[in-house]
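1. Have a look; sequence and predicted model below, questions after that.
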Amino acid sequence: MQTLTQRLANPTRFMELSARLLPWISGAAAILLAYGLYLAFFASPADYQQGETVRIMYIHVPCAWLSMMIYGLIALSSFGLLVFRHPLADVSAKAAAPLGAAFTFLALLTGSLWGKPMWGTYWVWDARLTSVLILFFLYLGLMALRSALEDESAAAKLTAILALVGVTILPIIKFSVDWWNTLHQPSTDFTSTVDPSMRLPLLVMAIAFTLLFFAMHLKGMRNEILRRRVKALRTQAVAGRDRLAAQAANQGAAE
């Protein structure tokens, strides 16, 4: 019996399943995002030290979490391409890269806005901030490398290798606040360091942003599959036209 992964290796089956899942995931993301924003900006209290600026946390933390999770997904997809030759592995990696870059940029932007009132500056060459900036450049590098190569097969393999090499940045980001003396606060612990009045909005926003990513990722994969199908049809049409032209030329020469 085929596993779920094997069944989804068929792009047609994936398109059918994603068409059913996408509206539900998108709807859940929209509802949770609206609810999370209400909790974050209206229901939760201001922090006794940070004041109203603490509300940046409800955007910054989910974006920072997704910046790492998405790269992990790209690395896993790259492994699936290089080792198992999974037909949709490269589609997944390609669709995830711009989304990962966007969420990483939002994490850096909101972190800078949060850092100004807390640290007195928008940016410091802190271990956590610097490693996340490197992650952002890795995302840009993956997209640039892919767009620079016309051969899609070669581009897929090279970007997969780069993604697997770059995955070493993830533990550096995760443990940078433990390994070095940094201005950035330690990782948020939902069980003790976050007040319950702030824990629920943060959890809702984290789930909402995650569902939002999966909805956009599924949509991006569907668009990439359709793009490749259109390209294949155009290639076949051009090949057929050239073949007919060659046959016509041969007939004319014979006459």
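-> Looks like it arrived, so ask away.
2. now stretch 70-79: mean pLDDT?
-> Stretch 70-79 shows a mean pLDDT of 97.
3. can you check stretch 119-132 too?
-> 87.
4. Please shift the residue numbers so they start at 11 in all later answers.
-> Noted, 11 is the first residue going forward, which turns the last one into stretch 129-142.
5. Now it: buried residues?
-> 134, 136-142 (16 or more other CB atoms under 10 Å). Bear in mind the C-beta positions are built from the backbone N, C-alpha and C, glycine included.
6. Can you tell me which residue sits nearest the middle of this protein?
-> The centroid of the chain falls nearest to residue 110 when counting by CA atoms, centre = their mean (3.3 Å).
7. How about that residue: what's its closest non-neighbour residue?
-> residue 80 (3.6 Å; CB to CB, 6 or more residues apart in numbering).
8. Please identify which helix or strand holds the one you found.
-> Per DSSP states H and E, residue 80 falls inside helix 67-89.
9. re earlier: counting neighbours, what do you get for the residue nearest to residue 110?
-> 24 (other CB atoms under 10 Å).
10. From residue 204, how far out is it?
-> According to CB to CB, to the nearest Å, residue 80 and residue 204 sit 23 Å apart.
11. got it, and residue 170?
-> Look at residue 170 and residue 204: by CB to CB, they are 37 Å apart.
12. which one of those two has more residues nearby?
-> Ranked by neighbour count (other CB under 10 Å), residue 170 and residue 204 place residue 170 first, with 23 against 17.
13. pretty sure that one contacts residue 103?
-> Yes. Taking contacts as CB atoms under 8 Å, residue 170 lies within contact range of residue 103: 6.7 Å.
14. on that earlier part again, any chance of the buried residues of stretch 129-142 in TSV, plus secondary structure and distance to residue 29?
-> Formatted as TSV, those follow (DSSP: H, G, I helix; E, B strand; the rest coil; distance: CB to CB, whole Å):
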residue	secondary structure	distance to residue 29
134	coil	46
136	coil	44
137	helix	44
138	helix	40
139	helix	40
140	helix	42
141	helix	38
142	helix	35
